[in-house]
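Chemist: Fold the following for me, if possible:
(one chain, ligands or ions: 1)
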Amino acid sequence: MYDILRGDYLEALRVGGTLIWYYYICKREVWLMAHNIVSDQDDPNIDIGRFMHENSYKRKKKEISIGGIKVDVLDKKDGYLMIGEIKKSSKFIESSKMQLAYYLLELKRNGLEGRGVLMFPQERKRETIELTDELIEELEGAEKDIMEICNRPYPPKPNKINMCKNCAYAEFCWS
Ligand code: SF4
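Modeler: Residues are numbered from 1 along each chain as shown. Sure thing, here's the model as predicted:
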């Protein structure tokens, strides 16, 4: 068990796609998650943002693990990998885009070119993502900011946003 105030595990912290996703929603949640503050695991809302494995995508799917992340490879053509991320809803689409772009950046850091497709099966919607120089710059800034946030001894103050009503940390933040 890590000591929150000692913060020794932060040296080993990898900024993964999940923290990137939360970074664009709530920076306090980034801190809470990075410090293993456990929220209500029975809360049905806790899985917002996690993978949703739909049968309709299973036949094409192949998972690869690279640079500490696992991504679903949908296809390989013209020298690049097409990776996919399945989401429950497009409600947090901007965060989802940044998360997928971060996976593309991790691939690039490992010498692989990729393109991404976000899939929202319940809405029959797809969005493709390409890693641009602007996105790389944005993500590198986000990584630094996440490390800075996580190395603070205390979390950022709660900020009331729409996500709060569906957040498993709501009681912790607002009671
Ligand atoms: S309840 Fe609101 S402020 Fe607290 S972690 Fe969740 S989203 Fe962030």
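Chemist: Tell me where this structure has helices.
Modeler: Secondary structure of the chain (DSSP state H): helices located at 17-23, 27-34, 55-58, 93-109, 133-150, 170-174.
Chemist: Turn those helices into a markdown table, including mean neighbour count.
Modeler: C-beta: built from backbone N, CA, C; applies to glycine. Shown next, in a markdown table, are those (neighbours: other C-beta atoms under 10 Å):
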| stretch | mean neighbour count |
| --- | --- |
| helix 17-23 | 22 |
| helix 27-34 | 22 |
| helix 55-58 | 10 |
| helix 93-109 | 21 |
| helix 133-150 | 14 |
| helix 170-174 | 14 |
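Chemist: Relative to K160, which of the ones you listed is closest?
Modeler: Across the helices of the chain, K160 has its closest neighbour in helix 170-174 (8.0 Å, C-beta to C-beta).
Chemist: Could you pull up the mean pLDDT of that closest one?
Modeler: For helix 170-174, mean pLDDT is 91.
Chemist: just checking, what packs against it?
Modeler: Secondary-structure packing of helix 170-174 (3 or more C-beta pairs under 8 Å, 6 or more residues apart in numbering; DSSP states H and E): no helix or strand packs against it.
Chemist: near the ligand, anything from it?
Modeler: Yes - against the ligand, helix 170-174 shows contacts by C-beta under 6 Å from any ligand atom at 170, 173.
Chemist: What is the burial count for R152?
Modeler: Residues lying near R152 (other C-beta atoms under 10 Å) number 12.
Chemist: ok, now N36?
Modeler: 10.
Chemist: Begin at 40, not 1, for the rest of this chat.
Modeler: In the new numbering, first residue 40, that becomes N75.
Chemist: Need phi/psi at it.
Modeler: Note on N75: its backbone torsions stand at phi 60, psi 30 [degrees, to the nearest 10].
Chemist: List of residues touching stretch 155-175?
Modeler: If you take C-beta atoms under 8 Å, 6 or more residues apart in numbering as the criterion, stretch 155-175 is touched by 91, 93, 95-96, 113, 121-129, 132, 135-137, 139-140, 142-144, 147, 153-154.
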